[in-house]
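Participant: only geometry, no sequence info:
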């Protein structure tokens, strides 16, 4: 896979004044890293948006900072957007060392079709959307693909332990966790309980003669 490169420059404008940068098509960013003093940077917004679309949070980026001799290997750590407009507000980059393993949550993506889903009245439950792995930065996959073609019957499921991982990857998430399963769709039938009608013969009310109370006889 071709590497991604992004240009950045050091930033002097901080705090609330960064809104003026955004109006000029520039997004404020920060660079962090283990044992690294954080750097205030800025990137061209359109180029940054394209990089985000390609890299997501799991693809290695060569961050070329103006004045540096070599690009830095970074991941996007956090993306801040305006909740109402979706405008890109701020990005945090995390610098890694290529010789040191990192721990990352990687998205799980379903691919292919499940033969069991050809029958009506069945549902596919995707219960795990990401899993935690550890590996060297340049061995990190952008996503974990799960092939649905092995789900041939209702009730079948795929667990993390069923996925073939590269020997370079160590899975941190419990491998007994279920990723996806084919089940019968639950149809909630409203049970109408018929009232039991007991046909009783209409019997005229029994006439009871009320006798006057009698005192003791002489």
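Facilitator: Cool, the structure landed. As the structure is a computational prediction, the values presented were derived from the model and not from experiment.
Participant: Run through the helices of this structure in chain order.
Facilitator: 18-23, 45-55 (DSSP state H).
Participant: among these, which is nearest residue 4?
Facilitator: Closest to residue 4 of the helices of the chain is helix 45-55 (Cβ to Cβ; 5.5 Å). Backbone N, C-alpha and C define where each C-beta goes, glycine included.
Participant: if I look at the residue nearest the centre of the chain, how far off is residue 173?
Facilitator: In the chain, the C-alpha nearest the mean C-alpha coordinate belongs to residue 129, at 4.7 Å (Cα atoms, centre = their mean). The spacing between residue 129 and residue 173, counted by Cβ to Cβ, to the nearest Å, is 11 Å.
Participant: next one: residue 58
Facilitator: 15 Å.
Participant: try residue 69
Facilitator: For residue 69, the distance to residue 173 - Cβ to Cβ - is 39 Å.
Participant: higher neighbour count, the two?
Facilitator: Taking neighbours as other Cβ atoms under 10 Å, residue 69 and residue 173 compare with residue 173 leading, 15 against 5.
Participant: residues contacting the more buried one?
Facilitator: By Cβ atoms under 8 Å, 6 or more residues apart in numbering, the contact set of residue 173 is 128, 131, 132, 133, 160.
Participant: what's the farthest-apart pair in those?
Facilitator: Within the contacts of residue 173, two members stand farthest from each other by Cβ to Cβ: 128 and 133, at 12.9 Å.
Participant: Give me the more crowded residue out of these two.
Facilitator: More neighbours surround residue 133 than the other of residue 128 and residue 133, with 24 against 16 (other Cβ under 10 Å).
Participant: ok, now which ones touch the more buried one?
Facilitator: Per Cβ under 8 Å, 6+ apart, neighbours of residue 133: 103, 104, 106, 140, 144, 165, 169, 170, 171, 172, 173.
Participant: repeat for residue 185
Facilitator: 121, 122, 123.
Participant: Quick check: pLDDT value at the first one.
Facilitator: By that I understand residue 121. Looking at residue 121, its pLDDT is 85.
Participant: ditto for residue 197
Facilitator: 48.
Participant: Low-confidence ranges, this structure, go.
Facilitator: 1-2, 187-218 (pLDDT under 70).
Participant: how does it divide up, domain by domain?
Facilitator: 4-95, 102-184 (automatic domain parsing).
Participant: Can you get me the start-to-end distance on the first one?
Facilitator: Domain 4-95 has an end-to-end distance of 14 Å (criterion: Cα to Cα, to the nearest Å).
Participant: hang on, the earlier thing: make TSV out of the contacts of residue 133 and add distance to residue 88.
Facilitator: Compiled in TSV, the contacts of residue 133 are given as follows (distance: Cβ to Cβ, whole Å):
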residue	distance to residue 88
103	27
104	22
106	23
140	24
144	27
165	33
169	31
170	33
171	33
172	30
173	30
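Participant: Would you list the buried entries among those?
Facilitator: 104, 106, 140, 144, 169, 171 (16 or more other Cβ atoms under 10 Å).
Participant: Quick check, the first one in contact with residue 139.
Facilitator: No: look at residue 104 against residue 139 with Cβ atoms under 8 Å: they stay out of range, at 10.8 Å.
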